[in-house]
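>>> no sequence on this one, just coordinates:
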């Protein structure tokens, strides 16, 4: 694998972790949203990662067909939580049902923050990998001077 392919792999990781972090912040921002345009409370979203073959050059495509090609990561789908919403007794709330219960999203802020820290660490790891490759390229150029 060339150094430029290593950068492409890390760049795909950066993009995937950015998407994951955006979904997590959306979940946190809507943790108390009881009414959406679709009706009912907000539903938690999560990113599902999958391996993705890198494309670009003919050599990379040939290596991919042979099974030796580099692969990155992509968001294959965004899942929406299908669990029942939490019901809280708040009879004065505008979204309360006739019994006085309000449906809230099934979002645990502590879990979301841990997931956000994990996404941030994954992003940092990909940045560190790109920085290392960039330094290797710079040192290689210095050796040829």
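Now that the structure is in, tell me what you want to look at. Computed from a predicted structure; not experimentally measured.

>>> Helix or strand with the lowest mean pLDDT in this structure?
Within the chain, confidence by mean pLDDT, DSSP states H and E is lowest for helix 58-66 among all helices and strands, at a mean of 57.

>>> which secondary structure elements does the helix or strand just after that one contact?
Proceeding N to C from helix 58-66, the next assigned helix or strand is strand 71-80, under DSSP states H and E. Applying 3 or more C-beta pairs under 8 Å, 6 or more residues apart in numbering; DSSP states H and E, we find strand 71-80 packed against helix 3-29, strand 45-53. All C-beta spots, glycine's among them, are computed from the backbone N, C-alpha and C.

>>> Any idea which of these gets closest to residue 107?
Evaluated over those, closeness to residue 107 peaks at helix 3-29, with 5.5 Å, by C-beta to C-beta.

>>> Go through the helix of greatest length in the chain and flag the buried ones.
Criterion DSSP state H: the longest helix present in the chain is helix 109-143. Using 16 or more other C-beta atoms under 10 Å as the test for burial, helix 109-143 gives 112, 115, 116, 119, 122, 123, 126, 129, 130, 133.

>>> Does anything pack onto that helix? Which helices or strands?
On a contact count with 3+ C-beta pairs under 8 Å, 6+ apart, helix 109-143 meets helix 3-29.

>>> Average pLDDT for the helix it packs on, rounded please.
Helix 3-29 shows a mean pLDDT of 93.

>>> Can you give me the neighbour number for residue 9?
20 (other C-beta atoms under 10 Å).

>>> same deal with the one 5 residues further on?
Applying other C-beta under 10 Å, we find 19 other residues in the vicinity of residue 14.
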